[in-house]
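Engineer: predicted coordinates and the sequence they were generated for:
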Amino acid sequence: MALRMSTLFLRTLRENPADAELPGHQLLVRAGYVRRVAPGIYTWLPLGMKVLNKVESIIREEMDRIGSQEVRFPALLPREPYEATGRWTEYGDSLFRLKDRKDADMMLGPTHEEMFCLAVKDMYSSYKDLPLSLYQVQNKYRDEARPRAGILRGREFIMKDSYSFDIDQAGLQKAYDAHREAYIRIFNRLGFEYVIVHADSGAMGGSASEEFLAVNENGEDTFVRDEHGYAANVEAVVVPQAAPVEVTAGAAHVEDTPDTPTIETLVAALNRDHARTDGREWTGADTLKNVLVVLVHPDGTREPLAIGLPGDREVDAKRLEVKVAPAEVEPFEEKDFAAYPMLAKGYIGPGVLGSEQSSTIRYLLDPSIAEGSAWVTGADEHGKHVIDLVHGRDFTADGTIQAGEIRAGDVSPDGTGTLKLARGIEMGHIFQLGTKYAEALGLKVLDENGKLVTVTMGSYGVGVTRAVGVIAEDNNDQYGLIWPREIAPADVHVVVASKDESVFVRAEEIVRGLEAQDVEVLYDDRPKVSPGVKFKDAELIGVPTILVIGKGLADGKVEIKDRRSGERREVPVDEAVAQLV
Ligand code: ATP
Ligand code: MG
Ligand code: MG
Ligand code: MG
């Protein structure tokens, strides 16, 4: 049935909403697709639902095509499964936590690895049950530190998330590849420019994680690409330095430790006790980017102080030893954080290896340090001001120190290309999780030989509401939105540009004719609204084809206008339907 403007729940706005900065966001609100309820929380109106449903059905078709089965888990979840994997705590302020009437801890799901893992554990027990791939299209909740740009970063948003379950790595690789193909088809159909980037350094073997980034200068992710097709999120790049600097591990005692040794003190110690293979001296600028310095406290606790520490910052601890210890870098566990009291004071603390970004070492940082630091690549949702330092890029465990900051013009990791920097918006993320969740939650099945083996998992996400936002950002002009046909709220916007009763009668016939041919119509049948206002609304709403039925009807003509090109042509009224099918 045609959507009729006379009854449609819609009120277009002439003014941009005060809180909207990006054009697509402004237009989605002005054209009546969404309405803000609170920061990062939006209502979807009838026009918005049309678009959203189309995006969802594209995603469902492509997920069904790879044999994934749709399910729906609750968004309101108990604490325990997330406690078991450590994420109740790890998620920090981003997690919406609540209590039920019996005072039990509950939460609103930010992502569902735990729940899927447990469901499979409940129902399956044998290798014969695998492989398995499940998906849902569902609301997610994350209390984002900076909800911005409307539906691009919501605190409630819709995600398609899927999870694969396999008996071995070969199976996981297959599931991952199938998802990769499905995502390529989804994003091609949604019609925006995107790049597939490495989302980790590959240190754990191959492309264990990739992101689909919509190319957009307002994006919050920075990626690099070269002329040969290499592309990576900067968080994941391993940039080789022309001559890698090697440092021998060993203790460099700062004998004359002042009460508050400064970075200069550390640099002096480095120059005294450690030669650089390139013959240069450490300087305040490069030293701490190239070396992992471990502060050894009097009580023996070791505190990695790294890399990117602003030079004017004093180290607030007495009687320290300084160790240049790249060779000793061990993967740190999040639970180790408690062992490092300086963290609380805002110094760079130990990293985490083995959480979601398994090959990325993450450092906690005070926001005042993060500001302006060369290493800031964007705080992530853990709210705790996490920045990404990358194992492999910034340092490696075997003592080879690699280059620091990525700059446009750097050579790409294989040494054959030149890197360019660009910005993007993360639209999808595919991830070989391995056994992390299955181990934490005890998901095991019997293999062919009757032995229990831990299931290996993949997780895959698409931002559904975010996709609508990105399409709106990519497809608009000064007059309004311009939807690609496959996801437009209607195929044709029929405008009656007359107040003459007989014109309405004819328009009604044409609308029925279009409907009979399965053309979706948005019909501006408002009897008392001027043609000028109707045209403005039509341009704002952005249906790809506009059919104007007005004065020309006296000569048997109607006008077809292409919203994107602005091109108009008159056609005989009897041919209108045929031309629009
Ligand atoms: P981002 O880096 O933008 O914060 P993410 O890496 O935290 O995203 P994932 O956990 O990988 O997101 O979730 C899968 C997908 O969900 C993302 O690729 C993105 O498209 C979408 N998404 C994540 N957070 C939001 C949000 N706050 N609002 C809308 N979509 C989101
Ligand atoms: Mg996030
Ligand atoms: Mg991300
Ligand atoms: Mg992600």
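Structural biologist: Cool, got the structure. Only a predicted model underlies this, so the values are computations on that prediction, with no experimental measurement involved. Ligands and ions are numbered 1, 2, ... in the order given.
Engineer: who in the stretch 301-450 of the chain is up against ligand 1?
Structural biologist: When proximity is defined by Cβ under 6 Å from any ligand atom, the stretch 301-450 of the chain lies next to ligand 1 at 381, 426-429. Every C-beta, even on glycine, is put in place using the N, C-alpha and C of the backbone.
Engineer: and the chain, by the same measure?
Structural biologist: So the chain meets ligand 1 at 111, 142, 144, 153-154, 157, 159, 381, 426-429, 461, 463, 465-466 (Cβ under 6 Å from any ligand atom).
Engineer: try it again at 8 Å.
Structural biologist: Contact residues (Cβ under 8 Å from any ligand atom) of the chain with ligand 1: 40, 110-111, 140, 142, 144, 147, 151-155, 157-159, 161, 211-212, 220-221, 356, 378, 380-381, 425-429, 431, 461-467, 469.
Engineer: buried sites along the helix ranked longest in the chain?
Structural biologist: The residue-count maximum for a helix in the chain (DSSP state H) belongs to helix 169-190. By neighbour count on 16 or more other Cβ atoms under 10 Å, the buried set for helix 169-190 is 171-173, 175-176, 178-180, 182-183, 186-187, 189-190.
Engineer: and if you look at stretch 500-518?
Structural biologist: Going by 16+ other Cβ under 10 Å, stretch 500-518 has these buried residues: 503, 506-508, 510-511, 513-514.
Engineer: out of those residues, list just those in helices.
Structural biologist: 503, 506-508, 510-511, 513-514.
Engineer: for the closest residue to ligand 1 within the stretch 351-500 of the chain, give me its contacts.
Structural biologist: Per Cβ to the nearest ligand atom, residue 463 is where the stretch 351-500 of the chain lies closest to ligand 1, at 2.4 Å. Neighbouring residues of residue 463 by Cβ atoms under 8 Å, 6 or more residues apart in numbering: 157-159, 426-428.
Engineer: for those, which two are the farthest from each other?
Structural biologist: Distance extremes for those: the farthest pair is 158 and 426 at 14.9 Å, using Cβ to Cβ.
Engineer: need the three-state assignment for the residue lying closest to residue 493 once chain neighbours are set aside.
Structural biologist: Nearest non-adjacent residue to residue 493, counting by Cβ to Cβ, 6 or more residues apart in numbering: residue 543, 3.8 Å away. State at residue 543, reduced to three classes by DSSP: H, G, I helix; E, B strand; the rest coil: coil.
Engineer: also residue 554?
Structural biologist: Classification of residue 554 by three-state DSSP places it in helix.
Engineer: can you give me the pLDDT of it?
Structural biologist: Turning to residue 554, the model gives it a pLDDT of 91.
Engineer: may I see the buried residues of stretch 500-518 organised as JSON lines, with distance to residue 32 added?
Structural biologist: Listed next are those as JSON lines, based on distance: Cβ to Cβ, whole Å:
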{"residue": "503", "distance to residue 32": "25"}
{"residue": "506", "distance to residue 32": "27"}
{"residue": "507", "distance to residue 32": "22"}
{"residue": "508", "distance to residue 32": "24"}
{"residue": "510", "distance to residue 32": "24"}
{"residue": "511", "distance to residue 32": "21"}
{"residue": "513", "distance to residue 32": "27"}
{"residue": "514", "distance to residue 32": "22"}
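Engineer: the helices in the stretch 401-550 of the chain, which residues?
Structural biologist: With helices called from DSSP state H, counting those that start in this stretch, the stretch 401-550 of the chain shows them at 436-441, 464-474, 501-516, 531-541.
Engineer: can I get those in a markdown table including mean pLDDT?
Structural biologist: As requested, these are arranged in a markdown table below (pLDDT from 0 to 100):
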| stretch | mean pLDDT |
| --- | --- |
| helix 436-441 | 93 |
| helix 464-474 | 96 |
| helix 501-516 | 95 |
| helix 531-541 | 97 |
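Engineer: could I get those as a markdown table with distance to residue 453?
Structural biologist: A markdown table is the format used below for those (distance: least, Cβ to Cβ, whole Å):
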| stretch | distance to residue 453 |
| --- | --- |
| helix 436-441 | 10 |
| helix 464-474 | 34 |
| helix 501-516 | 56 |
| helix 531-541 | 55 |
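Engineer: wait, which of those is closest to residue 492?
Structural biologist: Nearest to residue 492, of the helices of the stretch 401-550 of the chain and by Cβ to Cβ, is helix 501-516 at 6.2 Å.
Engineer: contacts for stretch 58-74, please.
Structural biologist: Under Cβ under 8 Å, 6+ apart, the answer for stretch 58-74 is 109, 112, 115-116, 119, 132-138, 160, 162, 178-179, 181-183, 185-186, 189-190, 462, 464, 486-487.
Engineer: if you set the cut-off to 7 Å instead, what comes out?
Structural biologist: Stretch 58-74 is contacted by residues 112, 115, 133-138, 160, 162, 178-179, 182, 185-186, 189-190, 462, 464 when judged by Cβ atoms under 7 Å, 6 or more residues apart in numbering.
Engineer: same question for stretch 167-181.
Structural biologist: Contact with stretch 167-181 is made by 66, 127, 130-131, 133, 162, 164, 166, 430, 432, 445, 447, 453, 455-456, 458, 460, as judged by Cβ under 7 Å, 6+ apart.
Engineer: just the buried members of those residues?
Structural biologist: Judged by 16+ other Cβ under 10 Å, buried ones among the contacts of stretch 167-181: 66, 127, 130-131, 133, 162, 164, 166, 430, 432, 445, 453, 455-456, 458, 460.
Engineer: which one of the buried residues of helix 169-190 sits closest to residue 44?
Structural biologist: Distances from residue 44 to the buried residues of helix 169-190, taken as Cβ to Cβ, are shortest for residue 190 (17.3 Å).
Engineer: hmm, residue 467 and that closest one touching each other?
Structural biologist: Yes - the pair residue 190 / residue 467 is scored as a contact, 5.8 Å apart, by Cβ atoms under 7 Å.
Engineer: and for the two, which residues touch both?
Structural biologist: residue 55.
Engineer: point me to the residue of the stretch 51-200 of the chain nearest ligand 1.
Structural biologist: Taking Cβ to the nearest ligand atom, the stretch 51-200 of the chain has residue 157 as its residue nearest ligand 1, at 3.6 Å.
Engineer: okay, now that residue: neighbour count?
Structural biologist: When neighbours are counted by other Cβ atoms under 10 Å, residue 157 registers 22.
Engineer: same thing with residue 6?
Structural biologist: When neighbours are counted by other Cβ under 10 Å, residue 6 registers 11.
Engineer: for it, give its distance to ligand 1.
Structural biologist: Per Cβ to the nearest ligand atom, to the nearest Å, residue 6 is found 34 Å from ligand 1.
Engineer: and that residue, what pLDDT?
Structural biologist: Reported pLDDT for residue 6: 96.
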